[in-house]
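Trainee: Just need the structure, nothing else, for what follows:
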Amino acid sequence: MEIKIKQVDAFTSIPFGGNPAGVVTDASELSDELKQKIAREMNLSETAFVSPSKVADFKVQFFTPRFEVDLCGHATIGTFSALYEEGKLPTDKNIFYQETKAGVLPVELATVNNEKVFMMTQALPKFEIFNLSKSEVAGLIGLQEDDLMDLPAMRVSTGIWWLVFGVKSLDKLMNAKPDLNAIERISEQHSIVGIIPFCLETLDPKYNYHLRAIAPYVGVIEDPVCGTCNGCVASYMVQNKLVSCEGTVAMIGEEGQEVNRPGCVYASVTKQEGKISRVQIGGTAVTILQGIISV
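Mentor: Predicted structure coming up:
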């Protein structure tokens, strides 16, 4: 069997930037066991597999090197970019639906700053207070309690669960030293993918926040530019009134500088009647590699 596969750099328009995802645009004949083996062979944070769906335009599954996850932002952007360049997206519409384990979710093709941008709608956010002390949370990245914002660390999900917490200083965040063993342990104990420390200071003034995504439990020491992370952070910021949101607020997150794969994510959060009613994240993507796996 020969399987066509691509590696797509998402949340960037520049090769070798952003976050790489594996994409198989025709996985209809592949077993989940084989998909897992391919994801392990690719050794990227996620590899996406597209197959027919009875309830959406496509069914998309996401595998880390270790196991399948319900949703992945950057792999969604990479997948729809690959489908677009292969001519597999209908040209008479600009909103497409993907069947995922997090639900049937829309992906919109838009034009932003003269670039083709895919915006994916994520699941409505869920928030839970995290049962660790502030000093314990700070210790996960080698910081002190006073280095964190005066807001609670929270489990947040817009499709998959992450631990989100704020750091006061960009310098502290960028130079933080994650305790990977501790992060892996609490990730398993509390059923989270990993942790997302963020701050409101940025390297580039046109961006609104800076974040890092650290997930050794799923085999990813540091994810360069993470879509679900940006959805969770943008939702957390709105939920905790770090940004004003009357209707819809648009933000841009920067990420990946710490691992030399910089990228940016467009995030949009909508509130109705005091509650978050929609979360979208998006970006551009570029195919960097394509080939055939023979099994």
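Trainee: now the most centrally placed residue in the chain, nearest residue through space, not along the chain?
Mentor: Geometric centre of the chain, nearest residue: residue 227, 2.2 Å, by CA atoms, centre = their mean. Excluding the flanking residues, the one nearest residue 227 by CB to CB, 6 or more residues apart in numbering is residue 73, at 1.2 Å. Glycine gets a C-beta too; all of them are placed from N, C-alpha and C.
Trainee: residues touching the one you found, list them.
Mentor: Contact partners of residue 73, counting by CB atoms under 8 Å, 6 or more residues apart in numbering, are 120, 122, 226-231, 265, 281.
Trainee: Scan these and report the most crowded one.
Mentor: Of all the contacts of residue 73, the highest neighbour tally under other CB atoms under 10 Å goes to residue 226, namely 35 neighbours.
Trainee: contacting residues for it?
Mentor: 19, 45, 73-74, 196, 211, 213, 255.
Trainee: ok, now with 6 Å
Mentor: By CB atoms under 6 Å, 6 or more residues apart in numbering, residue 226 lies in contact with residue 213.
Trainee: Rebuild the contacts of residue 73 as a markdown table, extending it with distance to residue 168, pLDDT and secondary structure.
Mentor: Below are the contacts of residue 73 laid out as a markdown table (distance: CB to CB, whole Å; pLDDT from 0 to 100; DSSP: H, G, I helix; E, B strand; the rest coil):
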| residue | distance to residue 168 | pLDDT | secondary structure |
| --- | --- | --- | --- |
| 120 | 30 | 93 | strand |
| 122 | 27 | 92 | strand |
| 226 | 22 | 93 | coil |
| 227 | 25 | 92 | helix |
| 228 | 24 | 93 | helix |
| 229 | 19 | 96 | helix |
| 230 | 20 | 96 | helix |
| 231 | 23 | 96 | helix |
| 265 | 22 | 95 | strand |
| 281 | 25 | 95 | strand |
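Trainee: Show me how this structure divides into domains.
Mentor: 2-119+284-294, 126-283 (automatic domain parsing).
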